[in-house]
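Undergrad: Below is the sequence, then the predicted model.
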Amino acid sequence: MNAATTALLLTAPAAVPLAVSATYALTALARHEVPRARLVEKPRLAEKAVAVGGAAGPSDTGRAADAGEPVVESPAPGRHIADWAGLVSPAVVLGCAALLAAQRVDGGSVSAYAGLLRADALTAWMLLVVGAVAFIACASAPAHLAAERAAGSATAWTVWRYHVLVQAFLGSMCLAVVSANLGVLWVAIEATTVVTAFLVGHRRTRTSVEAAWKYVVICSAGIALAFLGTVLLYYAARQAGVAEAWALDWPTLVAGADRLDPAVTRLGISLVVLGYGAKAGLVPLHAWLPDAHSQAPAPVSALMSGVLLSVAFAAILRYRVIADAALGPDFTRVLLAGIALLTLTLAAGLLLAQRDYKRMLAYSSMEHMSLVALAAAVGSPLALAAGLLHIAGHGLAKATAFCASGHILHLRGTSKIGRVRGLLAQFPWLGALFGLAVVALLGFPPFSLFASELGIARAGFAAGAGLGWVMAAALLLVLIAFAALATRTARMLLGPGEPTRESPSALWPLALGLLACAALGIATGPLGDLLTQAAAVLERP
């Protein structure tokens, strides 16, 4: 692979989504579909209707259009084609990931721009996960936006803004994955916070705006901690004699980790784990997650839960390699195992009391990320491979579940579990896909989460008595979460109902996600070597 091809493959996953985002923005400007200073008659009527009717619910939140935003009543058919243009970005990400994976299964790495961008087997694996989940989310977006248009809750500007922000979000995540410099990694993850804050508040209701502010405040605190930890590691590297230009280069820090000051490194790693753990939904900075996931549009929730949490945790995995080389394995083992158990305990308890199905899925994300943290704490090749497989399976299943929940919200007009009954009887296709997605999240075969959870459990019990007791406690908490999730989902799916006409053609992305999750659980195929090499990248030096 020559230098130009390498640079292209490393640049395209981040550059193409950003280019598509800019194209959406320029198109909106060219069509004059931006907020204007003066209200037109139709927005006044919409605002009056909301003022008379009281607070807007999930089905009518967008009817009170932003000041000056043109209302979309009957968009031109050509405009809907733009909803599908967003699929270009995940297709490019998947293509680049496949080409990088084909070159990197031998355990090597490639870099570009003087080492600023770098790809190894872990990078290729994460790009595949990001691309697959983004494909499901972007393919589900046209149906979601069509439902908003039909409900009168979409304006021309909100539709274009949605596309611009989603593509920028995808580009930021890809940049975080391909960056070799820990400073650029921090900038990319901070960019995801800025972009997704506007997506969480997409509906402009009081609840969604509160969730967006909560997300910004908590994640900004976490990112500030991660920044301080990054600065401390930079200081430790400079004190160890590492050149200024390479003091935040990940391969350089791994190679020279034994020269880092232990006290400074210990404090820096602790701050990084807490900071990026906030983005990954781990205790103690987890409180933003259920609010943000429940208020964001369903495809955005799919991206946030399916890959944003995993990209943030991939950053923790990179730092863990440095910490183990500098401090030994016990420090990160205790830190990650403790955080995993606390997160799992909280998620299981809150799932028992949950009455909102989107928040239920959000707490399920905390449960699964705690299992990945537990795999990282064990740190054996089996545990790391199982943890990475869990990241992929959880992303596919959770993206399917969140996109299905968006369809349920549009059809039933409520996110309350107690008000949704008989989904299988009334909407057989949608009910079946939502139910299978939850079955996948519960860890049933043939879905990949069964294999990954089994691998994590085996690795934990084989690691020794201390981790064996931790794994036993974790499995007990997983059973509690299992019972809570299964019971509430069964209430939604079962019950009488009259069959209603539905459009299975709008649900093909969900079926594709479940098929991919099941195929990954039956046989990893050509991805098996890549998974093994990705786990080897994270093994303790």
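TA: Now that the structure is in, tell me what you want to look at.
Undergrad: Who are the contact partners of residue 31?
TA: Shown in contact with residue 31 (Cβ atoms under 8 Å, 6 or more residues apart in numbering): residue 156. For the C-beta atoms, the positions are set from N, CA and C on the backbone; glycine is no exception.
Undergrad: do you know how far it is from residue 82?
TA: As for residue 31, its distance to residue 82 is 10 Å (criterion: Cβ to Cβ, to the nearest Å).
Undergrad: what's the answer for residue 8, then?
TA: The value you get for residue 8 to residue 82, if Cβ to Cβ is used, is 26 Å.
Undergrad: same question, residue 20
TA: With Cβ to Cβ as the criterion, residue 20 and residue 82 are 10 Å apart.
Undergrad: So if I had to pick from those two, which one is more boxed in?
TA: More neighbours surround residue 20 than the other of residue 20 and residue 82, with 23 against 18 (other Cβ atoms under 10 Å).
Undergrad: how about the nearest residue to the more buried one, chain neighbours excluded?
TA: Excluding the flanking residues, the one nearest residue 20 by Cβ to Cβ, 6 or more residues apart in numbering is residue 167, at 4.6 Å.
Undergrad: top helix in the protein by residue count?
TA: The single longest helix within the chain, with elements called by DSSP state H, is helix 206-239.
Undergrad: Let me see the mean pLDDT of the next helix or strand after that helix.
TA: For helix 206-239, the following helix or strand on the C-terminal side (DSSP states H and E) is helix 250-255. Averaged across helix 250-255, the pLDDT comes to 95.
Undergrad: now swap in stretch 94-102 and tell me
TA: Mean pLDDT, stretch 94-102: 93.
Undergrad: separation between residue 300 and residue 350?
TA: The spacing between residue 300 and residue 350, counted by Cβ to Cβ, is 22 Å.
Undergrad: between the two, which one's more packed in?
TA: Between residue 300 and residue 350, residue 300 has the larger neighbour count (other Cβ under 10 Å), namely 26 against 18.
Undergrad: Could you check the strand or helix carrying residue 383 and say which residues are buried?
TA: Per DSSP H and E, residue 383 falls inside helix 381-412. Going by neighbour count (16 or more other Cβ atoms under 10 Å), the buried part of helix 381-412 is 382-412.
Undergrad: What is it packed up against?
TA: Applying 3 or more Cβ pairs under 8 Å, 6 or more residues apart in numbering; DSSP states H and E, we find helix 381-412 packed against helix 121-150, helix 298-303, helix 309-327, helix 357-378, helix 428-441, helix 448-462, helix 508-522, helix 527-537.
Undergrad: Dump those to a markdown table, plus mean pLDDT.
TA: Output for these, formatted as a markdown table (pLDDT from 0 to 100):
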| stretch | mean pLDDT |
| --- | --- |
| helix 121-150 | 93 |
| helix 298-303 | 95 |
| helix 309-327 | 96 |
| helix 357-378 | 96 |
| helix 428-441 | 96 |
| helix 448-462 | 95 |
| helix 508-522 | 94 |
| helix 527-537 | 91 |
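Undergrad: Make sure residue 497 is indeed in a strand.
TA: No. Applying DSSP: H, G, I helix; E, B strand; the rest coil, one finds residue 497 to be coil, outside a strand.
Undergrad: List phi and psi for it.
TA: Main-chain torsions, residue 497, degrees, to the nearest 10: phi 180, psi 150.
Undergrad: That one reaches residue 422, doesn't it?
TA: Yes. Residue 497 is within contact range of residue 422, at 3.1 Å (criterion: Cβ atoms under 8 Å).
Undergrad: which residue sits closest to residue 99, ignoring its sequence neighbours?
TA: Using Cβ to Cβ, 6+ apart and skipping the chain neighbours, the partner closest in space to residue 99 is residue 9 (5.7 Å).
Undergrad: ok, now how distant is that neighbour from residue 174?
TA: 12 Å.
Undergrad: residues touching the residue nearest to residue 20, list them.
TA: 17-18, 20-21, 24, 86, 89 are the contacts of residue 167 under Cβ under 8 Å, 6+ apart.
Undergrad: Go again with 10 Å.
TA: 16-25, 85-86, 88-89, 134, 138, 195 (Cβ atoms under 10 Å, 6 or more residues apart in numbering).
Undergrad: measure it to residue 315 for me?
TA: 22 Å.
Undergrad: now swap in residue 189 and tell me
TA: From residue 189 to residue 315 the distance is 7 Å (Cβ to Cβ).
Undergrad: Please identify every residue contacting each of the two.
TA: What both residue 189 and residue 315 touch, as defined by Cβ under 10 Å, 6+ apart, is the set 176, 179, 226, 275-276, 279.
Undergrad: CSV please, covering those residues and showing distance to residue 506, neighbour count and secondary structure.
TA: Shown next, in CSV, are these (distance: Cβ to Cβ, whole Å; neighbours: other Cβ atoms under 10 Å; DSSP: H, G, I helix; E, B strand; the rest coil):
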residue, distance to residue 506, neighbour count, secondary structure
176, 31, 26, helix
179, 36, 25, strand
226, 39, 29, helix
275, 39, 27, helix
276, 36, 29, helix
279, 31, 29, helix
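Undergrad: re earlier: just want to know which of residue 9 and residue 174 has more residues nearby.
TA: For the pair residue 9 and residue 174, the greater number of neighbours falls to residue 174 (34 against 24), based on other Cβ under 10 Å.
Undergrad: which residues touch that one?
TA: Contacts of residue 174 by Cβ under 10 Å, 6+ apart are 10-18, 89-90, 92-93, 96-97, 123, 126-127, 130-131, 134, 188, 307, 311.
Undergrad: Helix or strand: which one has residue 483?
TA: According to DSSP H and E, residue 483 maps onto helix 465-493.
Undergrad: For that helix, which helices and strands make contact with it?
TA: Contacts defined by 3 or more Cβ pairs under 10 Å, 6 or more residues apart in numbering; DSSP states H and E place helix 465-493 against helix 329-352, helix 357-378, helix 381-412, helix 423-426, helix 428-441, helix 448-462.
Undergrad: Turn the ones you listed into TSV, columns for distance to residue 262.
TA: What follows is those, written out as TSV (distance: least, Cβ to Cβ, whole Å):
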stretch	distance to residue 262
helix 329-352	9
helix 357-378	20
helix 381-412	24
helix 423-426	55
helix 428-441	40
helix 448-462	27
